[in-house]
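>>> My questions are about this predicted structure, shown below with the sequence.
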Amino acid sequence: MSENVSNPSAKSKSAKTPANSTPVRVRFAPSPTGHLHVGNARTALFNWLVARQSSDGVNVLRIEDTDVARSEARYEDQLVEDLKWMGIDFDEGPNEGGDYGPYRQSDRLEIYRDYAEQLLSEGKAYLCFCSDELLEADRQSAMAEQRQPVYVGRCRSIAPEEASRRRASGVPCAVRLRVPEHPIRFHDLVRGAIEFPSEVVGDIVIVRSAKPGPGPEGESFVAELMASEVASGALAQNVLGMPIYNFVVVIDDVLMKITHVIRGDDHVSNTPKQVAVYEALGMPVPEFAHLSTILGADRERLSKRHGATSIVSFREMGVLPEALVNYLALLGWAPTGGTKEIFSPAELIAEFDLSRVTPSPAVFDMEKLYWLNRHYLKQAAPERIVALALPDFVKAGYLPNAIGEASDEVRQWFARVVALLVPYVDRLEQLPEKAKIFFAYDAAGAVANPDNAEVLGAASCAAVLQAFYGKVRSEQAGKFTAERFKEIINEVKAEAAVKGKDLFHPIRTVMTGSHSGPDFDKLIPLLEDGAALPLPVHVKSVRERVEEFAGVKI
RNA sequence: GGCGCUAUCGUCUAGGGGUUAGGACGUGAGAUUCUCAAUCUUAAAACCCGGGUUCGAUUCCCGGUAGCGCUACCA
C-alpha cells in the first residue's frame, strides 16, 4: 500500500498546477486520549473555516492513535460527536473515507516503516545503536556545558554495510534522520517568518528501536509488525520499533496532500524537525499556522483544573453550540474593524482570515461565553430550548420520566415555564434551580430566610398580608386569572393603603418565597395551571400558597 | 540552563509614526419595571520597562523583564 506513495499518480499534475489554484486541504489530527478540549475544538474550528472558505476546500480528520497505551476507541467516538455537535464536519476521515486513507495512524504503520527504509537506503537516515544510558549521559553533559541537548552524531559515520550487518544480527537500533547543517526556516501564517539554527534540531530519531523490556507501546507495535511480516512472509524479525510523531505527521501530511497545517503553537518547536523530514523526503513544505495557547484566568495553560474545558461539559451545562463556536472564533481572531461580536457560522466563513489571527495567548473568559450564550438562548426557537431543557427537569424529578407520554397540557405548560425563566439564566442547567418557585415552594423557609427579613419586617407588611389573605380566602372557587389577581392587588392596595414595593414585595414573597421574580401576569396563570396538572412534584396553587404562608406568618 | 514564541483597559481585541487609542465582556451609575433578570443610556478602565531611529514613538529596531511553549527512542 505504500507503493502508491513513491509512485505518485497525481504528482505531476499538482507540480504543474499553480500553487494558488491548488485546492486547500487542511486536517484536524487529534489523539483519542480524552475528551475534546476547547483548545483543540478551536483548532478544529479554524481548520474547518479555512476549508469551507473555498468551494473545493477539503477538511480531513486524521486520528493520531499511535500512542496505544493512551488511545481509546470510545474517545474517538466522543470526539467525532463533539465536533459534529459544534457543526464541524469532514470530507475525509475514518468514517467518511477518502482517497488518501487510511485515516487512523494505527492503520498506517507499514507506510511509515517503508518510508523509513527508503530514507535509510538513500542515506538520508542512518541506524543508531546508542543505548539509553549513553544518550542520557550525553544529555547530562550537554546540559552541564549549557549546550543544546541534541544527538552528538556518534553513529552518523558507521558504514552502512556495518550497520546493516549489526541490524541483521538482531542488535536493537533506532533510525535517525541525517539533518543537514543549515538553518531551518519556515513561514507561519500567524507569526510570519520563523528561523531555527540547525544545532537545535540535531539528528532526530524517526523510528524507535524495538526495546524488549520497557515501553509497552513499543512492544505492541513490534508484535504487530512481526505478525504482518510473518503473514506476508517477509523478514522473520525486526529490530526497529514504533515510528516517532515528528516523522509520521509529515508522512501523513504529505500523503494526504495537506496544504495548510493549522495546529496549536505547542508545535512550533517541532516544526523545524518536521521541515527537515519534508526536505529529506524531497517534498514541498506546506503553509503553517500556529494558534496561540488558551489560558485559564490565572494565565496558566487551560486545563481541567480550571473547571469546565471539555466540549461535553459545556454541552451538559446547556451552552448552545452556536455560542461556543462564536466565542471560540473570537478567541484569537477579530474581524476587520474589530467591532462585530455576533457571528453565524456562515458569517465566520465569509469573514474569517488566518492572517488576522493573533499570535499572543488568550485567557478563556467564561463570562463572555455566557453572555454570548444568553444572546443565542433568546434567539433560539422555543421548541428547541424546551427540548434541551427537558432532561434537567426530569433529572430534578419535576417532570415524569416518561415525558414522551406526558399529556399535551403538561408539555405546553412546561414550554411556558421555560419561556418565562430563560431570560433569567445564562445556561440551561440553571433552569431547574429557577423553577423552584414552582416546584419547591416553602413558606416556612421563606419566612426564615434573612433575605426576606426586611420585606416581612416592614411596618406595612402585616396590613398587606391581612388584606391579601382575606381577599384570596373570600374568592369563590376556581382558578385565579392574571386579571383577577391584579384586581385583588388593587383592592389590597386600597384596603391597606400601601403601594409600590411595600405592596408588591410581601405579596410576591407569599406567592414565590422571594421578593424578586417574574411578572405576576405570567406567573399566576402558570401557578394555577400547574396545580391542576398531574406532575411528579405538585405545583402549589395560589390558595395553597396563601394558606401555607398564613400558617407561619400571622 | 538552551532555543522559540508573545506583550494595548481586569479579560477578549481593533488600530497604527502625529488618534479624544475604538468595540465587546465584566464592573459602577442612571432609565424602565412592583421586584429581580432582560433591555436602553452612561462612567471608570490600557499601549510592560530602557535605549535607539525620527521633527515626533504606543506603533519601527535593539536590549531587558515577564508569561507561555519546546527542550525524549511522548503525541
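Nice, thanks for sending it over.
>>> Tell me the buried residues in the helix or strand where residue A:415 lies?
Using DSSP states H and E, residue A:415 sits within helix A:408-421. Using 16 or more other C-beta atoms under 10 Å as the test for burial, helix A:408-421 gives A:410, A:413-418, A:420-421. Where you see a C-beta, it was placed from the backbone N, CA and C, and this is true even at glycine.
>>> Could you pull up the mean pLDDT of whichever helix or strand comes after it?
Next along the chain after helix A:408-421, taking DSSP H and E as the criterion, comes helix A:431-434. Averaging pLDDT along helix A:431-434 gives 93.
>>> Which residues outside stretch A:96-103 are in contact with it?
The contact list for stretch A:96-103 (C-beta atoms under 8 Å, 6 or more residues apart in numbering) reads A:60-63, A:90-94, A:107-108, A:255-257.
>>> give me that answer again for 10 Å
Stretch A:96-103 has contacts (C-beta atoms under 10 Å, 6 or more residues apart in numbering) with A:1, A:4, A:10, A:25, A:27, A:29, A:58-63, A:89-95, A:107-108, A:111, A:252, A:255-258.
>>> tell me what the helix holding residue A:415 is packed against?
The contact analysis (3 or more C-beta pairs under 10 Å, 6 or more residues apart in numbering; DSSP states H and E) places helix A:408-421 against helix A:382-395, helix A:431-434, helix A:436-439, helix A:520-531.
>>> hmm, try it at 7 Å
Helices and strands touching helix A:408-421, by 3 or more C-beta pairs under 7 Å, 6 or more residues apart in numbering; DSSP states H and E, are helix A:382-395, helix A:431-434, helix A:520-531.
>>> how much does that helix deviate in direction from helix A:382-395?
100 degrees (axes from the mean of the first three to the mean of the last three C-alpha atoms, to 10 degrees).
>>> So what touches helix A:408-421?
Identification of contacts with helix A:408-421 by C-beta atoms under 7 Å, 6 or more residues apart in numbering yields A:382, A:385-386, A:389, A:399, A:431, A:434-435, A:438, A:518, A:522, A:526, A:529-530, A:533, A:535.
>>> mind redoing it with 8 Å?
A:382-383, A:385-386, A:389-390, A:393, A:399-400, A:403, A:431, A:434-435, A:438, A:518, A:522-523, A:526, A:529-530, A:533-535.
>>> now do stretch A:515-529
A:409, A:413, A:416-417, A:420-421, A:424, A:437-438, A:451-452, A:455, A:479-482, A:485-486, A:489, A:505-506, A:508-509, A:511-512, A:539-542, A:545.
>>> For RNA strand B, tell me which of these show up nearby.
Here is what survives when the contacts of stretch A:515-529 are matched to RNA strand B using C-beta under 7 Å from any atom of the strand: A:424, A:505, A:508.
>>> show me the contacts for residue A:401.
Counting by C-beta under 8 Å, 6+ apart, residue A:401 touches residue A:394.
>>> In the stretch 201-350 of chain A, what residue lies closest to RNA strand B?
Relative to RNA strand B, the nearest point of the stretch 201-350 of chain A is residue A:338 (2.5 Å; C-beta to the nearest atom of the strand).
>>> what's the pLDDT at that residue?
Looking at residue A:338, its pLDDT stands at 89.
>>> And for it, the neighbour number?
Residue A:338: 8 surrounding residues under other C-beta atoms under 10 Å.
>>> go on, residue A:529?
For residue A:529, the neighbour count with other C-beta under 10 Å is 17.
>>> Then residue A:266?
Around residue A:266 there are 12 residues (other C-beta under 10 Å).
>>> Next, work out how far apart the closest residue to it other than its chain neighbours and residue A:372 are.
Excluding its sequence neighbours, the residue lying closest to residue A:266 (C-beta to C-beta, 6 or more residues apart in numbering) is residue A:293, at 7.0 Å. According to C-beta to C-beta, to the nearest Å, residue A:293 stands 21 Å off from residue A:372.
>>> Let me know the helix or strand that the residue of chain A most remote from its centre is in.
Going by C-alpha atoms, centre = their mean, the residue of chain A most distant from its centre is residue A:495, 59.1 Å out. Element membership for residue A:495, per DSSP H and E: helix A:482-496.
>>> Show me what counts as buried in that helix.
For helix A:482-496, burial by neighbour count (16+ other C-beta under 10 Å) applies to A:482, A:485, A:488-489, A:492-493, A:496.
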